[in-house]
Structure formats: structure tokens, C-alpha cells
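In: what would the 3D arrangement of this be:
(chains A and B)
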Protein chains: 2
Amino acid sequence: MRVTIAVDAMGGDHGPSVTVIASLKFLEETPDAAVILVGREDEVRKTLVARRSTASDRISVQPASEVVDMNEAPANALRGKKDSSMRVAVNLVKDGTAQACVSAGNTGALMAISRFVLKTLPGFDRPAIASQLPTRTGVTTALDLGANVNCTSEQLVQFAVMGSALVAAVDGIERPTVGLLNIGEEDIKGNDVVKETAELLKASDLNFYGNVEGDDIYKGTVDVVVCDGFVGNVALKTSEGLALMLADFLREEFTRNPWRKALALFALPVLNAFKRRVDPRRYNGATLIGLKGVVVKSHGSADVLAFRYALKKACAEAAHGVLERIAQRLADVPALTPKASVAAGSSDA
Amino acid sequence: MRVTIAVDAMGGDHGPSVTVIASLKFLEETPDAAVILVGREDEVRKTLVARRSTASDRISVQPASEVVDMNEAPANALRGKKDSSMRVAVNLVKDGTAQACVSAGNTGALMAISRFVLKTLPGFDRPAIASQLPTRTGVTTALDLGANVNCTSEQLVQFAVMGSALVAAVDGIERPTVGLLNIGEEDIKGNDVVKETAELLKASDLNFYGNVEGDDIYKGTVDVVVCDGFVGNVALKTSEGLALMLADFLREEFTRNPWRKALALFALPVLNAFKRRVDPRRYNGATLIGLKGVVVKSHGSADVLAFRYALKKACAEAAHGVLERIAQRLADVPALTPKASVAAGSSDA
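Out: The predicted model follows:
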């Protein structure tokens, strides 16, 4: 089956210079895919014609006159810009022209527009943001990474269902292990919502591993790590900050004097191999999961390589029928009843 | 003023072989300090006499017949082991014999015993766990790192007060900047408790910087990062996991073949300089803050170097009068009224 991806060509810090080139490169390596570039036609075509490609026949342009600002209020973007490249790209998924949408634009706006246009799958209150992180043994899928700041135990179970379905579909792990992110001090075994979630997950048909701690993410203890969006976002951003600091320190140490600089030249292949293993660009592309459609959010600062990875991710999700998998799995979780959320906090609006 | 530190000599994974040797080394470099080693007298003395030291006259042994298990329930340790090395060490602070206590034992038990024996300072519901983390520009003090999983906005403000006092006293920064850990997605500006905390901090006399994100911890954006214990613990453990994974990857790349191993020999001084900058042992020692006494928790797996850093930290806090500072600061924060916590969640018991 050919997968057509609607690309918000104007989104992100670099716009068409990244999105268009990345789309061409992605198509050149993916023969059974097509891309619809959505945005200001002249700007998009200018970049498109400047580069010869064997994939030109699988790429088209869908005009959209407006662009959502990176710092614009989501409500503004949703109500005030009905012809934005982001909105038109999501519309293409809604009407079935495309099987997935990728944007590097404003996360809040993409979330608001996707919810409004595509709606959530039956049984899901709100979509979550899921992403893969590198581990010692491979990858872990973590969710939610920032969409839901106050979660009920019912929602956390929904995240577990969605994450399991995503990993089963895309990575081919039939019964992925699910860990509930918790804290490890002996005195305390998490807050009430987390404790209740553990009970619900134990009662479900999911392959529940149990509680995991922050360091288990990178140990690769489980296939899916479930947490609320506040905790997940802090863990993700903290990781980004630490990785950048360590990279800076390593660079500083290798450039401290001429001898060390010379040494760095010899060590370059080693250092590059190290860098490649943890290159965040290879993990670019967060899935807005729980929607009636595949929507992938690229990092705003993504370069061509990073954006290509987001396109690959969207393509894989559409090709492997992630949405159908989620619907199937939901039926397997009898614990998802309204009663389950009695003791939990209120959902974020 | 001479600072006397009560050391739980039996605590941690290694017991006296680490705690006794570290205490001697610490005293050798700190002429105005003394140590009371608390634990099973024969075991402690055996290690003590095996090593000649110029500091022997400033070290003494206080017998305690029991040892708190690393995995023991805190309530058990508190009620069932009244002659544990941990309990006796904390008692020495309570009766004024020592000005600080250091333990590498069971965190939950240390928290329970410290609260019971020393009590919290007036105006504080529960102690928090505070620790320094390395940043690009120096260090940041973060709290709470795991003692309080459900916090009210009032408690978070208390953490800000305690953290500011700690940094002012120990690091000599008179008005340390305080950041409130939050998430950065445009759609969402944190949960209700965090939003309310921000309002309270704005109204306080503290040097409130505003919201910070996870990556700001390692950027060194602020002197003090405030968060609830669940989020803080996840951020800390996630950081530990990532750092260990990256160190492993770097080692693997430098040992992949004989040529690379040879290269690693030349690069060793550089790699060691890098390692030293982020060596977690140098940041060992978390402060249980909010108690009527200085209590520092060392990592359970601490080696001699790491335990020495925990001793240094305890000594500095006692010498700089952290407790008096906190009491002063509390008076400066009129916002700390019961009214402030109306919309917040319930406190963890």
C-alpha cells in the first residue's frame, strides 16, 4: 500500500529549506510513499524546483495561505487561521487524501488542530505525546511527554494501551512490556494516582512489568514507559539538558590545548561513532497518539536528517496500521471503566 | 567553631570500610572538625586501628548494637531498632553532642527517624531532600528529590525558602535565584499547584526567576530549582540513567578494536578530565532540609571519596548556620498562610 504523507512545509524554525529537501530525500529512499507539501505555493515550489530528484513524480504541492507562528496561542491558530499549512495538512488526513501528517510547527497548535479536525479515538479523553528514546539495549517508547499535565489513573492506563499498540505495530513486538514510571525511595511508593494505575494495569491484559524508575528508561528495562505529561516532559527536557552539557564538556576537554586538539583529530571516528549512537535527530518525531489519524510532531529545530526521521516514523505508523491496533487493544482492557478514576485527580482542559 | 559530625558507621553498602576511612581522610583535611563513629564497636574499631592517622585524636566511637537494613520498612527501623547506628547518630544531634549527622543507610528510615527525633522546624510540614547538581556554569541546588510525592503550593514555597537559605548559607549567594520546575509546551503552563506556587513566589521576598524547564537544571539558569518530590526524583534518576548509558557507550566506542584501545590510552587524560567534571561522587550528599538539625544522606553505594564529600557538605552546613538562615527567611515570606493551599492537592503522609 502506498502511504501518502501531508507535510506542513512551513512549520519549524527553517520552513521549506528543511521540510521540502527532507521530503525529497525521504521519498528517494522510500519507493512506496508519496508526499503532499502544504504551504505557500511560491516558496515551496522555489525550493522544490531547485533540486532534481528521482522522486519528483511522487511529490505534489497543496497551497495554504497562512502560517501558524511558533509562539502563537493554539486557540488563535485553531480559530483564526483556517487556511494555515498546519490546518490544511491535518485536513488532508481527515478527508483520506493522506494517511499521515508531519509538522515541525507549534506543538500546542498542532495538538489543538488535530483534536478539533480528527477527533480522538473512542475511549480516549485526550491524545498523548509518545516518543522513542535510545537505551542501552535498543529503544523505549515513553508517553505522555507533555500533552496531559493532570492525569487520572484511567488516562494512564489509556496511555499504556496506546503505547503498547504503537510498539506492537511499528516495532513488531507482539506483547511489549509496560512499566509505570514511579519513584524508588523506600518510604514512598508514588502518589495515589500512580498506585491506582498499577492496580488497573495488573488487572489488564497488557504485559505489565510493574513500577520503573527514571534510570530504567535508559536501561531499557521495558518497551513502554507510562507517566503523566508533566513528569514525562520534565524527564525528557532534563535528559536533553544533561546530554547537551556533557557534549559541551567533552568538546571543551578535547580542545583545551593544541596537543588535545591533535588528539581529537585521531579520536574523531570514535567520537563520531559515539555521537551517532545517541544522535537525537535519529529519534526525532513524536507521535500525537489517540487521534483518529496519524500525526507526527517533529522538533521545531529539526534539520534535514532529523525531519527525514520524523517522516519515516509517520510512514511506518500508517503502513503498520497503528490506529487499528489501538482500537483492538482497547477492547482487551476491561479495567477501563469510569469507576476506575474515582480517586484520581481532574483532567487538564 | 569546631563542628562535630555523628557518622552512621554501619550505613550504606560498604559499612565501616568506607565510612571509617572516609571520616579519617575528611578529618585530616579539615582541622576544625571532629567525628563520632556510631556503630558496632568491634567492627568500627577494627577498621579504625588498622589505619594510622594524624586525626585520630578527633575521632571517637559511640557504640550502637543494631543496624538498619537497606530494605527495611522505615516504621520497623523507627519502632523496632532503638539502638541502631542510625538512630543513635541522630540522637547525638538532638542532644547537641554533634552538630550534624551523616548516613549512607536506608533513606526512608533516615527520614522517619530524623523527623521523629529532631522534629521539623516551625512552619514546615515535612522535610525535603535537597542536592546539588553540576551545571555548565557551576552548581544548582534542586529540591525536593523524593521525600514529598504530593505537594501543596504552600509546601513548594517552603522548599523555595529552604533552598534559598541553604544556598545563601553554604555558597554565600545572598539572594539566590529560584526557578519553579515546569513544562514548556505552549498549550499548557503546568498544573494548578504549580501555577498557584508561581503566584505565591512572585508575592514573596525571594528572588523568584520564574518557571524553568528540565534543561534549565543543567544550563544553570537558576541557583535553586523547586519541584515536588515525585518530579524531582524522576528527573534525578533519569539523569543518572542517561549519564551511565553515555559513559558506557563512550567506553564501548573506545574499546571496539586494538587501534581504538591504543588511542584511548593517549586520550585517557582528556577522558579523565571529562569524567572528573561530572563525577557524581563530587556531588554526593543530599540534605534532609526542614529539620531541627543538619542531616545529610549519602548515596548507599558511596565509596570513600563520595562519602568524604557528604561529610564536607554536612560540615559546611553546620558551620554556616543553615538552620538559623532558614528560620530568618521564613519570617520574610508573608505569603505562607494556610489560605495559600486552598486549591492545592493533599499532603503526603
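In: mean confidence score for stretch A:75-92?
Out: This predicted structure assigns stretch A:75-92 an average pLDDT of 96.
In: which intervals of chain A have sub-threshold pLDDT?
Out: By pLDDT under 70, the weakly predicted segments of chain A are A:185-188, A:331-349.
In: which residues in it form helices?
Out: Counting by DSSP state H, chain A has helices at residues A:16-29, A:41-49, A:74-80, A:85-94, A:107-118, A:153-171, A:192-203, A:214-219, A:229-254, A:258-278, A:304-319, A:322-331.
In: I'd like those as TSV, with mean neighbour count appended.
Out: The C-beta positions use only the backbone N, C-alpha and C, and glycine is treated the same way. Formatted as TSV, these follow (neighbours: other C-beta atoms under 10 Å in any protein chain shown):
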stretch	mean neighbour count
helix A:16-29	22
helix A:41-49	16
helix A:74-80	17
helix A:85-94	25
helix A:107-118	24
helix A:153-171	26
helix A:192-203	20
helix A:214-219	24
helix A:229-254	22
helix A:258-278	15
helix A:304-319	23
helix A:322-331	18
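In: what would the ones you listed look like in TSV with distance to chain B?
Out: Below are the helices of chain A laid out as TSV (distance: least, C-beta to the nearest C-beta, whole Å):
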stretch	distance to chain B
helix A:16-29	20
helix A:41-49	24
helix A:74-80	5
helix A:85-94	13
helix A:107-118	3
helix A:153-171	13
helix A:192-203	8
helix A:214-219	3
helix A:229-254	3
helix A:258-278	5
helix A:304-319	17
helix A:322-331	22
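In: closest one to residue B:264 among those?
Out: When those are compared by C-beta to C-beta, helix A:258-278 sits nearest residue B:264, at 8.1 Å.
In: okay, that closest one in PDB with CA atoms only?
Out: Included here for helix A:258-278 are C-alpha records, laid out as PDB according to Å, rounded to 0.1, in the frame of the first residue of the first chain:
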ATOM      1  CA  PRO A 258      46.900  22.200  20.800                       C
ATOM      2  CA  TRP A 259      48.000  18.600  21.800                       C
ATOM      3  CA  ARG A 260      44.500  17.700  22.800                       C
ATOM      4  CA  LYS A 261      43.200  19.200  19.500                       C
ATOM      5  CA  ALA A 262      45.600  17.000  17.600                       C
ATOM      6  CA  LEU A 263      44.500  14.000  19.600                       C
ATOM      7  CA  ALA A 264      40.800  14.900  18.900                       C
ATOM      8  CA  LEU A 265      41.600  14.500  15.200                       C
ATOM      9  CA  PHE A 266      42.700  10.900  15.700                       C
ATOM     10  CA  ALA A 267      39.800  10.300  18.100                       C
ATOM     11  CA  LEU A 268      37.300  11.800  15.700                       C
ATOM     12  CA  PRO A 269      36.000   8.500  14.200                       C
ATOM     13  CA  VAL A 270      35.500   7.200  17.800                       C
ATOM     14  CA  LEU A 271      33.800  10.400  19.000                       C
ATOM     15  CA  ASN A 272      31.600  10.500  15.900                       C
ATOM     16  CA  ALA A 273      30.600   6.800  16.400                       C
ATOM     17  CA  PHE A 274      29.600   7.700  19.900                       C
ATOM     18  CA  LYS A 275      27.700  10.800  18.800                       C
ATOM     19  CA  ARG A 276      25.800   8.800  16.100                       C
ATOM     20  CA  ARG A 277      24.600   6.300  18.700                       C
ATOM     21  CA  VAL A 278      22.900   8.900  20.700                       C
END
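In: in CSV: the helices of chain A, plus distance to residue B:316.
Out: Written out in CSV, the entries for the helices of chain A read as follows (distance: least, C-beta to C-beta, whole Å):
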stretch, distance to residue B:316
helix A:16-29, 50
helix A:41-49, 58
helix A:74-80, 47
helix A:85-94, 53
helix A:107-118, 43
helix A:153-171, 41
helix A:192-203, 36
helix A:214-219, 28
helix A:229-254, 25
helix A:258-278, 34
helix A:304-319, 44
helix A:322-331, 54
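In: among these, which is nearest residue B:299?
Out: Of all the helices of chain A, the one in closest proximity to residue B:299, counting by C-beta to C-beta, is helix A:214-219 (13.0 Å).
In: ok, residue A:243 to residue B:180 distance?
Out: With distances defined as C-beta to C-beta, to the nearest Å, the gap from residue A:243 to residue B:180 amounts to 23 Å.
In: what of residue A:88?
Out: Applying C-beta to C-beta, one obtains 38 Å for the distance of residue A:88 from residue B:180.
In: now do residue A:216
Out: Relative to residue B:180, residue A:216 is positioned 27 Å away (C-beta to C-beta).
In: likewise residue A:199?
Out: Relative to residue B:180, residue A:199 is positioned 32 Å away (C-beta to C-beta).
In: residue A:202 too?
Out: With the distance defined as C-beta to C-beta, residue A:202 ends up 35 Å from residue B:180.
In: likewise for residue A:263?
Out: With C-beta to C-beta as the criterion, residue A:263 and residue B:180 are 43 Å apart.
In: what do you get for residue A:139?
Out: Look at residue A:139 and residue B:180: by C-beta to C-beta, they are 32 Å apart.
In: neighbour-wise, which of the two wins?
Out: residue B:180 (26 against 16; other C-beta atoms under 10 Å in any protein chain shown).
In: give me the nearest residue to the residue nearest the centre of chain A, chain neighbours excluded.
Out: Closest to where the C-alpha atoms of chain A average out (C-alpha atoms, centre = their mean) is residue A:286, at 0.8 Å. In space, and not counting its chain neighbours, residue A:286 is closest to residue A:131: 4.2 Å by C-beta to C-beta, 6 or more residues apart in numbering or on different chains.
In: got the contact list for that neighbour?
Out: Residues touching residue A:131, when contacts are defined by C-beta atoms under 8 Å, 6 or more residues apart in numbering or on different chains, comprise A:141-143, A:145, A:236, A:283, A:285-287.
In: dig out what it forms beta bridges with.
Out: Beta-bridge partners for residue A:131, by DSSP bridges, are residue A:142.
In: quick revisit: tell me the bridge partners for the residue nearest to the centre of chain A.
Out: Per DSSP bridges, residues listed as beta-bridge partners of residue A:286: residue A:297.
In: was I right about it contacting residue A:296?
Out: Yes - assessed by C-beta atoms under 8 Å, residue A:286 is found in contact with residue A:296 at 6.9 Å.
In: surely residue A:220 and residue A:142 touch.
Out: No - counting by C-beta under 8 Å, no contact exists between residue A:220 and residue A:142, whose distance comes to 11.6 Å.
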